[in-house]
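Enquirer: I'll drop the sequence and a predicted model, then ask my questions.
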Amino acid sequence: MAKAQLKDQKLLRSTVDGLKILRKQRNLTQEDFYNDTGIHISRVETGRVNISLSTLKTILDYYQVSLSSFFQSINL
């Protein structure tokens, strides 16, 4: 029997809010982001799914933001 995936709602909400801010600061639509990366950012920004660290790093690399500076900037 598979274990249920752990989900920290506060961490997830802070992360997706931070990602949405980064996208909007760059005047990108979700479609623009998808066309550039192949990642459905709308699925991430809803906060209904956990994203992997690899996906988060790929997103942040696109925005040219390091993982450490991103986590320092979001409210945990």
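Expert: Received the coordinates, thanks. The shown structure was predicted, so the numbers you read here are calculated from the model rather than taken from an experiment. Numbering: from 1, shown residues only.
Enquirer: the longest helix anywhere in the chain packs against which elements?
Expert: Once the chain is assigned using DSSP state H, the helix that runs over the most residues is helix 9-25. With contacts defined as 3 or more Cβ pairs under 8 Å, 6 or more residues apart in numbering; DSSP states H and E, helix 9-25 has these neighbours: helix 41-45, helix 53-63. For glycine as for every other residue, the C-beta is placed from the backbone atoms N, C-alpha and C.
Enquirer: can you say which of these is packed in most?
Expert: Mean neighbours per residue, mean count of other Cβ atoms under 10 Å, is largest over the helices and strands packed on helix 9-25 for helix 41-45, with a mean of 17.
Enquirer: which elements pack onto it?
Expert: Using 3+ Cβ pairs under 8 Å, 6+ apart: helix 41-45 touches helix 9-25, helix 30-37, helix 53-63.
Enquirer: nearest to residue 44, of the ones you listed?
Expert: In terms of Cβ to Cβ, the element of these nearest to residue 44 is helix 9-25, at 6.2 Å.
Enquirer: tell me the buried residues in that closest one?
Expert: Neighbour counts over helix 9-25 (16 or more other Cβ atoms under 10 Å) mark 12, 14, 15, 16, 18, 19, 20, 22, 23 as buried.
Enquirer: please apply the same query to stretch 24-42.
Expert: By 16+ other Cβ under 10 Å, the buried positions in stretch 24-42 come out as 28, 30, 33, 39, 41.
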